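# structure for this input, please:
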Amino acid sequence: MVVQVQNNVSKLSPQAQKAGKESKSKMNKSNRFRQKTLKVLKGQTDNFDVINPNAAGIDVGSEEMFVAVPADRDSKSVRMFCSYTEDLHSLTDWLIQCNITTVAMESTGVYWIPLFQILESRGIQVCLVNARHVKNLPGRKTDVCDCRWSQKLHTYGLLAASFRPPDEICVLRSFIRQRETHIADTTRHVQHMQKALTQMNVLVHKAVSDITGKTGMAIIKAILDGQRNPLVLASHRDRRCKKDETEIAKALTGDFRPEHLFVLKQSYQSWCHTRDQMWELDHEIETILGTFECQTHETLKTKRSNPRQNEVDFDLANYLYQMTGVDLNKVYGISSLTTLTSVSEVGIDLSAWRTSRHFCSWLGLCPNNKISGRKILSVQTRKVASRVAKALRLAAKSLQRSQNSIGAFFRRMSFKLGYQAAVTAVAHKLARIIYAMLKYKRKFDPMILDIKHEYNEAKKLQSITKMVKNMGYKPVPVEPKNI
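This is a model prediction of the structure:
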C-alpha cells in the first residue's frame, strides 16, 4: 500500500508538485514565525534590542486589571488587581517595588482614566496605546497573555503612545464635550415638541421658521398655560415674522388632546432645563479660558451681539486670541466654536506632530494608500473618530458657495473628485493652515491662497484658449460688464 501511494505521488504533474512544495514552504514559514513570536513572548530570544528594560504591561478591564512585569522582578510576574481605587494604589505600589518606570496599556473605553491619572501622579510614565495597534497571537486569547504581550512589545520599543493633551487642555476638553452632549439633547427635545404639536395638528413649524425662536416659544408657553384660541395665540407674533396673524392663527387651529399636551409639557421642561445647564456650563468654560497664560495682550475689535442658538454668551473670540496668540477666525469658514473645538482637542502646542502632513494623517484627512504588487488597492481615508476632523468638515461644507480662493478650490475639487472628496480636501487644507498658525504663530495671509487661485484661473483660461484655437476659432477678449 505504501508503494502504491509513492507511485501515485511520483505520477503527479510538475505543476502540481511545484504547488505542493510552495504550500509546504508557506506552512513551514508560518510555523517558524509562530515559534519565533512565542519565543519573544516567553523572553527566549535576544534578536531585538531592549529599549525599555523597566517596562510593564497592563490589560485594562471594567472590573479587573492584569499586570505583567519582567520575570526577574518578582516571583509572580503577573498579578490581578480589582478596579477599586484602593486596589489601583496597591497596583502602583507593586510597580514601584518592582522598579518599573514605564507602563503600556490599551485605551479601553474610559476604564483606563483613573489608573492613568494615579500612575502619572506617582511618576510612572504611561504609554497609552490604541487597541487596534496591539495584535496578539492567533489562537487562545486571555487577559494574562494580553498583558504579557503588551509588556514584551513595550520592552522592545515596538509600541507608539497615543496623543494626550496636557491636563489643563483635558479639563477644557471635558467641558466642551459635555457641551456637545447638551446641544444633542436640546435637539432631541425640540424634535419631541414638534412631534407633539404635529400630532395635535398645531403646525407651529409652518407658522414660524423656528419653533425655538421668540414667537415659537411664546406660543408653546401660552398653549401650556391653557390658551386654546388661535387668534390669541397668533397675537404673540413678533413684528419680524413674515406671516401675518391671520395666517398664523390658521396654522394654530388644532385638536389639543391631553396626552399630547402632557408630552409637550415634559419636552418643553426638559428643553428649558438643558438650556439652563448649557448656560451654566458656558460660565465654567469662560472661567477656565481665563486661567490660561496669555500669548498676547492685544484685543480684537469684535461686535458684540445677542448669541444665536448654541453660541456662547461671552466674547469667545478674544479669549481664544489671547490664549493662542493668533486669530484663527480670519481663516475662511472657521468660527469661534470651531476654533474652540480644535484647541480643546489638540491644545496649543502642536510639537507632537513633526509636520502638517503628520497632523493631517492623525486627523484622517489624507489618503490612506494601500499598495500591493505595485498596484493601488485603495486610497480611502482612514476611519478616525476625531472631533477636530468633524468640525473641519462642517467648516468646509460652509465654503461651497463662498466667493474666495478656498471656495473656488472646493468647487474645482467637487467637479474633479465628487462632493465628499471635496469636503475632505478642503478640510485638509484648513487643517494645514491651522497647524501653521498655531505652531509657528503666523497670521493668516489670504494673498498666498489668492496667488494660487489666480494661477489656476490663468491655467484654465490658457487651456480654453488652446481648445478654441484647435477648433478653428479666434478668441476675442471681452471686458466684463459691471452689473
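
# quick one, strands of the chain?
Ranges of strands within the chain are 55-59, 64-68, 78-82, 102-106, 125-129, 370-372, 375-378, based on DSSP state E.

# CA atoms of the second one as CSV?
Just to be clear, that refers to strand 64-68. What follows is strand 64-68, C-alpha atoms only, in CSV (Å, rounded to 0.1, in the frame of the first residue of the first chain):
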residue,chain,number,x,y,z
GLU,A,64,-10.1,43.6,36.9
MET,A,65,-6.6,44.8,35.9
PHE,A,66,-4.0,42.2,34.9
VAL,A,67,-0.4,43.5,35.3
ALA,A,68,2.8,41.8,33.9
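
# that one pairs with which strands, and in what direction?
According to DSSP bridges, strand 64-68 forms sheet pairs with strand 55-59 (antiparallel), strand 78-82 (antiparallel).

# buried stuff in that strand?
By 16 or more other Cβ atoms under 10 Å, the buried positions in strand 64-68 come out as 65, 66, 67, 68. The C-beta positions use only the backbone N, C-alpha and C, and glycine is treated the same way.

# ok, now stretch 426-445?
Buried residues in stretch 426-445 (16+ other Cβ under 10 Å): 426-439, 444.

# returning to that earlier point: out of the strands of the chain, which comes closest to residue 162?
Using Cβ to Cβ as the measure, strand 125-129 is the one of those that comes nearest residue 162, at 4.8 Å.

# what helices or strands is the closest one leaning on?
Under the contact definition 3 or more Cβ pairs under 8 Å, 6 or more residues apart in numbering; DSSP states H and E, strand 125-129 sits against strand 102-106, helix 112-121.

# just the residues contacting it, thanks.
Residues from elsewhere that reach strand 125-129 (Cβ atoms under 8 Å, 6 or more residues apart in numbering): 101-107, 112, 116, 119-120, 150, 154, 159-162, 164.

# again, only this time at 7 Å
The contact list for strand 125-129 (Cβ atoms under 7 Å, 6 or more residues apart in numbering) reads 101-107, 112, 116, 119-120, 154, 159, 161-162, 164.

# what's the local residue count around the residue lying closest to residue 291 once chain neighbours are set aside?
Closest residue to residue 291 apart from its sequence neighbours, by Cβ to Cβ, 6 or more residues apart in numbering: residue 168 at 7.2 Å. Residue 168 is flanked by 14 other residues according to other Cβ atoms under 10 Å.

# from residue 288, how far off is residue 168?
8 Å (Cβ to Cβ, to the nearest Å).

# Serialize the strands of the chain to JSON lines and add fields for distance to residue 222 and mean pLDDT.
As requested, the strands of the chain are exported to JSON lines (distance: least, Cβ to Cβ, whole Å; pLDDT from 0 to 100):
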{"stretch": "strand 55-59", "distance to residue 222": "59", "mean pLDDT": "93"}
{"stretch": "strand 64-68", "distance to residue 222": "57", "mean pLDDT": "93"}
{"stretch": "strand 78-82", "distance to residue 222": "56", "mean pLDDT": "93"}
{"stretch": "strand 102-106", "distance to residue 222": "55", "mean pLDDT": "92"}
{"stretch": "strand 125-129", "distance to residue 222": "54", "mean pLDDT": "92"}
{"stretch": "strand 370-372", "distance to residue 222": "60", "mean pLDDT": "85"}
{"stretch": "strand 375-378", "distance to residue 222": "57", "mean pLDDT": "85"}
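
# tabulate those in CSV, adding columns for distance to residue 300.
Shown next, in CSV, are the strands of the chain (distance: least, Cβ to Cβ, whole Å):
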stretch, distance to residue 300
strand 55-59, 46
strand 64-68, 48
strand 78-82, 51
strand 102-106, 43
strand 125-129, 37
strand 370-372, 45
strand 375-378, 44
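
# what sits closest to residue 408 if chain neighbours are left out?
In space, residue 408 is closest to residue 453, 5.5 Å off (Cβ to Cβ, 6+ apart).
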